[in-house]
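>>> Just to be clear, the model below is a prediction. Sequence and coordinates:
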Amino acid sequence: MTHIYKVTGMTCNGCKASVESSLSTLDAVENVAVNLEKEEVEISMSKHLNLQQLQEVLTDKYNISKVQESNVFEQNSTVKPQDQNELKQLFPLVLIFGYITVSASLLNMKMWNTTDFMLDFMGLFYIVFSFFKLLDLKGFPESFRMYDPLAKQLPIYGWVYPFIEIALGLLFLFRYKIDIALILTLIILGITTVGVTRSLVDKKSIRCACLGTALNLPMTKATFIENSIMIIMAVVMLFKTF
């Protein structure tokens, strides 16, 4: 018998290999095939194993569950269960964006200046997002290269990307070489946005590496909007600079 399950927590090919290896240790399991993009695993077994038995051989990083079947009677509901789950997953991203916005506003509250607000926002954006990437510097490059065109062609780029973000964040916050920081922002986020757009158009179910691998974030339109906001700010600031 063959069953398909949902597995969350996988971010790279190393995770895929780990899940396949762990599940294969069960005596009743005959074959295991992981689909990293869909976050699914197909298990062929000689006798039925329940979810608890499958979960016990996996580390705490991964969570296995049954694939939810669609219900034709719920198609007219305003928000589908998968949409609710997606919104829940994106909550950390929305929360962090809110904190950055409030922090940048407070820094300029006494003497409001839109230009300074945008520079502080961009600086805090890079510093905060680089922090989450550095939490798992080993896993981030693998996750990042799944959609970033340059990281796919040049693996070392994924390793240095968090440090590029730190450098750009400091340049914005200290108001140093802002023109160079703005141009680099347009280049690196422009490249990433191209990859994000392709993934959304192809409807690929992959993880967003914007907050590293520490948080389980799906690749959605929110990722595109997040990058677009930074790109728009960079363009506006470049026009003001020149």
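Everything's here; your move.
>>> Show me the shaky parts of this structure.
In the predicted model of the chain, residues 68-89, 204-208, 211-222, 242 satisfy pLDDT under 70.
>>> where along it do the strands fall?
Ranges of strands within the chain are 2-8, 29-35, 40-45, 63-66, based on DSSP state E.
>>> Specify the stretch among these that is closest to T197.
Comparing the strands of the chain by their distance to T197 (Cβ to Cβ), the top pick is strand 29-35, with 22.3 Å. Where C-beta positions appear, they are placed from N, C-alpha and C, glycine not excepted.
>>> Check which strands are paired with the closest one and give the direction for each one.
strand 40-45 (antiparallel) (DSSP bridges).
>>> So what touches the strand it pairs with?
Strand 40-45 has contacts (Cβ atoms under 8 Å, 6 or more residues apart in numbering) with 1-7, 19-20, 23, 26, 28-35, 49, 54, 64, 67.
>>> Any chance of a ChimeraX selection covering the buried ones in those residues?
Here is the ChimeraX command that picks out the buried ones among the contacts of strand 40-45, judged by 16 or more other Cβ atoms under 10 Å:
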select :5,7,19,20,23,26,29,32,34,49,54,64
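>>> now S18: how far from C12?
As for S18, its distance to C12 is 10 Å (criterion: Cβ to Cβ, to the nearest Å).
>>> In terms of neighbours, single out the busier of these two.
A count of neighbours by other Cβ atoms under 10 Å puts C12 above the other of S18 and C12, at 22 against 18.
>>> so what's that one closest to, chain neighbours aside?
Here the nearest residue to C12 in space, its sequence neighbours aside, is E142; by Cβ to Cβ, 6 or more residues apart in numbering that works out to 3.0 Å.
>>> Is that neighbour in contact with A17, as I believe?
No. The criterion here is Cβ atoms under 8 Å, and E142 misses it with A17 at 11.2 Å.
>>> Which one's more surrounded, the two?
Counted by other Cβ under 10 Å, E142 and A17 do not tie: E142 has more neighbours, with 21 against 12.
>>> Next, work out how far apart the more buried one and F97 are.
To F97, E142 is 25 Å away according to Cβ to Cβ.
>>> again, but for M122
13 Å.
>>> out of the two, which sits in the busier spot?
Taking other Cβ under 10 Å, M122 and F97 do not tie; M122 has more neighbours (26 against 17).
>>> Not counting sequence-adjacent ones, nearest residue to that one?
F172 (4.8 Å).
>>> if I pick that neighbour, what's in contact with it?
L119, D120, M122, G123, Y126, I178, A181.
>>> can you do 6 Å?
Neighbouring residues of F172 by Cβ atoms under 6 Å, 6 or more residues apart in numbering: L119, M122, G123, A181.
>>> Closest one to F91 out of those residues, please.
M122 (22.8 Å).
>>> Quick check: the closest one vs L173, distance?
When M122 is compared with L173 (using Cβ to Cβ), they lie 9 Å apart.
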